[in-house]
Structures are given as C-alpha cells and as structure tokens.
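Q: Show me the folded form of this:
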Amino acid sequence: MSLRRTWAVALFGVDGVLVEIEADVRKGGLPSVQLLGLPDMALQESKNRVRAAVQNCREDWPKSCVTLALSPAALPKAGTSYDLALACAVLAGADRVPPHRLEGTVLFGELALDGRIRTVRGLLPGLLAARRAGVQRAVVPTEGLAEARLVDGLEVLGASHLREVIDWLREHGDLDASPPDEQVPVSAEDGADLADVLGQPEARWALEVAAAGGHHLLLVGPPGTGKTMLARRLGGLLPELSRQQALEVAAIRSVAGELSGEAPLSVRPPFVAPHHSTSVSGLIGGGAGLARPGAVSRAHRGTLFLDEACEFGPKRLEALRTSLEEGEVRLSRRDGTLRYPARFQLVLATNPCPCAPARDSDCHCPAQARRRYFGKLSGPLLDRVDLRVRMRPVTAMTMQPEQRPESTATVRERVSRARELAAQRWAEHGWTTNGEVPGPVLRREFALPGTTTALLDRGLDLGAVTARGADRCLRVAWTLSDLDGSPRPTGEHVAAALDFRERSFQ
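A: Okay, the predicted model is just below:
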C-alpha cells in the first residue's frame, strides 16, 4: 500500500482550477477514511458513496486508515464530480490497480452505490480548465461525451460504470474512444417571423436598430399590442454566434445544469424571459456556498426579456445596473466571489398604468397612480436603456397584400450589413457592436463635428439628457448611420437617437 494521486477540477463560476487528489493508504491502524481540503457536505458524503460503489464492483476496500487530500488545500471544494477520481485514487493507493494510466488524466463523474457513473454539472468548463492546465486526457460519464468532445486538443474517454474504468486501468478493456460525431450546431431559425406583428412601425424600427447595434430597448403600451411578439422576434434578427461565443454560452448552461446532451452546441443567441415573481438570486445569480448563474448570465450573448417590467419591483430591477454597464456579474458568498459573464441585450415591456386599457382615453388611473406605477423603472435604470418606444393600439386585424410587413429575413439582411460595418470599424479595438463602445472613445477618437452634435449639446446644457445618456445617443447615432450606409452620423441621426430617449410615458 502506498501514496497515489489522481486529478479532478474545482469550478468557480465558469473558471476552473486543477485539483490534485492524493490517497495515502497505510498498513495497520483502525479502518477509517479522512477527507481533507475544505470539502462541502456533498463531497464529505462521497466517502460513503465511493466505498459502496467499490465494494459493489466486487473490489476490496482497504481495511486500514485511508487519507484523501485535495490540493490546493485552501480552495473550497464543492459538488459530486470528484467521486470517480476519489475511487481511482483509493484503488491505486491500495495497489488494486496500476497507477500509470492515471498520470496526466483528469476524471469526472458522480458514483451511484452500484458503481454507475452519473454526469455532473460544469463538465464543459471543467474540461476547458483542465486543457489550460496542460492535461492531455479525460475520463467522463458516457452521458457527457457529446458535451466533452466540444473541447479540442484533449483525448476524451467515456465510461458508464466504475467497473469499466477499473478494467481500463488494468488494461483488460477499453473505454469509449470513438471519434466524435459531426456536431451540427442548432440553427438560429425558430419559426417566429416579424411579419406576424400587425402594424407598430415605430416599434419595428426600434427593434431593427436594437438588433443592428446591440442596444437595450423599452416597449411601453397596452396589453395585446405585440410587445412580447416583438421581443421574441429579436433573436431572429441577431447574427448566429461564433464557435467561441457558442462555447461561452454552453459553459454557462453546463454550470446551470441546462445543457442538452444531444445538441450541446447552439449558435442560436439565447432568449431568457424570467417571470416577474423571480427572486434577486434567480435574476442575478445566487445560492449558498458558491453561487449559481442567474437569468442575466444564462442570457449571455443573447436577449434578457422582462415582460411586465414594472411588476418586478425596484429591488430586482436595480440589481441589473452593474451587469448592464460591465457585461458581467460578481457574486460574493461564504466560499468566495465568483464572476459570471452577462453581456446581454435587455428588452423591457410594460403597461403604461395599472389599469392598462386598450386606449389611453379609457384610463381611469389618477396621475399619481400612473407616476407611481411607471416610477418603478428608476431614472438610473432608464438612463441605461438606449431605445424607448410607445406602442400604438391595433386598429385593424387584416391588411392588404401590398401592406404586408417586412419579414424577418428582409430585416435581418439590413441588420447584417450594419453589423458588418460596425465590426470593421471597431475591429482593432476588439468590439463587434456599437453598443459595446465606451463613451470616451466615441468622444475622442471618433468625435463628431460640433454642428452634428449641436442638438445633443443643447440637451446636456438644459439637463434633458445626462452624460451617460449622451454617450448612448452617440452609439445609437452610429447604428443609424450604419443602417443608412453613411460613413459617419449626421445631425439627423443624432436627432433621431435623441428622440428615442425623450419620449414621455406617464
């Protein structure tokens, strides 16, 4: 009996740290199992799971003192993904299996009592972290093979039972090493067409501008005017994700336990629409120990849609402000501070008042009630929303053929051309849309003539727009010029951008 080691990965958000698992199996002494290295409750319980799984595979568990140390020791360890690595470490330390195949191999999997290997959350980011640490080979649950094989440059082997892994270590059998099937990413098409929306020319134009520049959008109007329909059709106007962006989204979904085993890689921008009764933790992320990703992170590289936004309440809405500015969310909990990416487009939809009649003339709400209702959207939050649109009541359910609205495909062509212009302009800075560009860059390196920004300067002078709002007007102006094919924004583009912010809804 001797000292042996295996490898696993500790996840912190979508980042991972390679964990060395040492097993010291000593001769003599009272039979016991000590687990060191700040394990959480689920990991502490793995001692019993691992022992039962080993014995049910008709292998002898060491009748001596077993010490399992997880390093770095000061790093909190959580979850059940260490089970397979712990079992192999004990068997190697007891000289039941040869250790040579464990060198340079990271193991993932939760063990059932009968030895079955269950899949775990965070497999994809864990494998990415292992590859960065120089690991060459990984053993994963068979259910997670499709997810694991998204990681290039890593030999991935699949196992469904501990018995298979033991036989592989003894060179009595092979694990599933078949080449990966050709992964066909899920397409961005979802069948929802912009032509289904009746009327609403201003809102349709605002949706096009939002898609072209990556801007946040507020839709205000009575029920049934198409606010939700428009928001759900934004994804069809956005370009497909690149492979790197799709991997970022897949890593977050893997940590959240929402990744599909059959088609883990999707090029469709995510669309997340939490209910207004969700908690702050559900919206931003949270939980005991190490926080889980919330809706803002699951919407990374896509759209976060808050329907009936005024019903969310100020506390939840104000929690969005940091992620809107910085493109990430930081969550501090007992076991540490995590960072989850959260670069999304926000679409807010709300009624103008509590009674929300089909026509404003039928509203019976006092002016104070309307202000109180819409005031749940605070000034600082609205200051971060680039486009604000008032929806019109629908006055006709049928349209003549010549009046048929433009389809998603037609609008997407214009959006794609505008995005290409923006991507070429900001390529050397690493930005892809106008909505990502910091205000100082627009004001210094891409400054517009005073005659072009005269109306915006006057708005600043009168206090009608804040400095942040002025920067966002400039971003929208650049998007409008890209849609028009102009090399630089004109005074008309700046005026149109400012008009999107000056609408009153109370």
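
Q: The spatially closest residue to R359 that is not a sequence neighbour: how many residues sit nearby?
A: Nearest residue to R359, sequence neighbours excluded (Cβ to Cβ, 6 or more residues apart in numbering): P393, at 5.7 Å. All C-beta atoms are positioned from the backbone trio N, CA, C, and that covers glycine. For P393, the neighbour count with other Cβ atoms under 10 Å is 13.

Q: Need phi/psi at P393.
A: phi -60, psi 140 (degrees, to the nearest 10).

Q: confidence score at it?
A: Per-residue confidence (pLDDT) for P393: 79.

Q: State the distance from it to G199.
A: In this view, P393 and G199 are 9 Å apart by Cβ to Cβ, to the nearest Å.

Q: Likewise for A256?
A: Distance from A256 to G199, by Cβ to Cβ: 38 Å.

Q: Can you give me the end-to-end span of stretch 168-175?
A: Stretch 168-175 stretches 7 Å from its first residue to its last (Cα to Cα, to the nearest Å).

Q: what do you get for stretch 246-265?
A: End-to-end distance (Cα to Cα), stretch 246-265: 6 Å.

Q: got the buried residues for that stretch?
A: The neighbour-count check on stretch 246-265 (16 or more other Cβ atoms under 10 Å) flags 246-256, 259, 264-265 as buried.

Q: What is the nearest of those to L207?
A: V249 (21.9 Å; Cβ to Cβ).

Q: Give me the three-state assignment for that closest one.
A: V249 falls in the helix class when you classify it by DSSP: H, G, I helix; E, B strand; the rest coil.

Q: ok, now R4?
A: With three-state DSSP as the basis, the three-state label of R4 is strand.

Q: How about it, nearest residue that isn't a chain neighbour?
A: A92 (3.7 Å).

Q: residues contacting the one you found?
A: Counting by Cβ atoms under 8 Å, 6 or more residues apart in numbering, A92 makes contact with 4, 6, 23, 98-99, 102, 169.

Q: Show me the beta-bridge partners of R4.
A: A23 (DSSP bridges).

Q: burial count for it?
A: R4 has 22 neighbouring residues, counting by other Cβ under 10 Å.

Q: pretty sure it is touching G93, no?
A: Yes. Applying Cβ atoms under 8 Å, one finds R4 in contact with G93, separated by 4.3 Å.

Q: residues shared between the contacts of those two?
A: By Cβ under 8 Å, 6+ apart, the residues touching both R4 and G93 are A23.

Q: Next one: the nearest residue to A467 once chain neighbours are set aside from E262, what distance?
A: Closest residue in space to A467, ignoring its immediate chain neighbours: L460 at 7.2 Å, by Cβ to Cβ, 6+ apart. L460 is 53 Å from E262, where distance means Cβ to Cβ.

Q: repeat for T119
A: In terms of Cβ to Cβ, T119 sits 13 Å off from E262.

Q: can you give me the end-to-end distance of stretch 135-150?
A: Counting by Cα to Cα: the opening and closing residues of stretch 135-150 are 16 Å apart.

Q: what does stretch 36-53 give?
A: 21 Å.

Q: So this structure: which segments form each domain?
A: If you go by automatic domain parsing, the domain ranges for the chain are 3-169, 194-399.

Q: hmm, back to that, of the contacts of A92, which count as buried by neighbour count?
A: Using 16+ other Cβ under 10 Å, the buried ones in the contacts of A92 are 4, 6, 23, 99, 102, 169.

Q: Farthest-apart pair in those, please.
A: Farthest pair in the buried ones among the contacts of A92, by Cβ to Cβ: A23 and L169, 13.7 Å.

Q: sorry, back to before: would you confirm that the residue nearest to R359 contacts T225?
A: Yes. In this structure, P393 is within contact of T225 by Cβ under 8 Å, at 6.4 Å.

Q: follow-up on the earlier one: any idea whether the residue nearest to R4 is helix, strand or coil?
A: helix.

Q: Before I go, just wanted to say thanks for your time.
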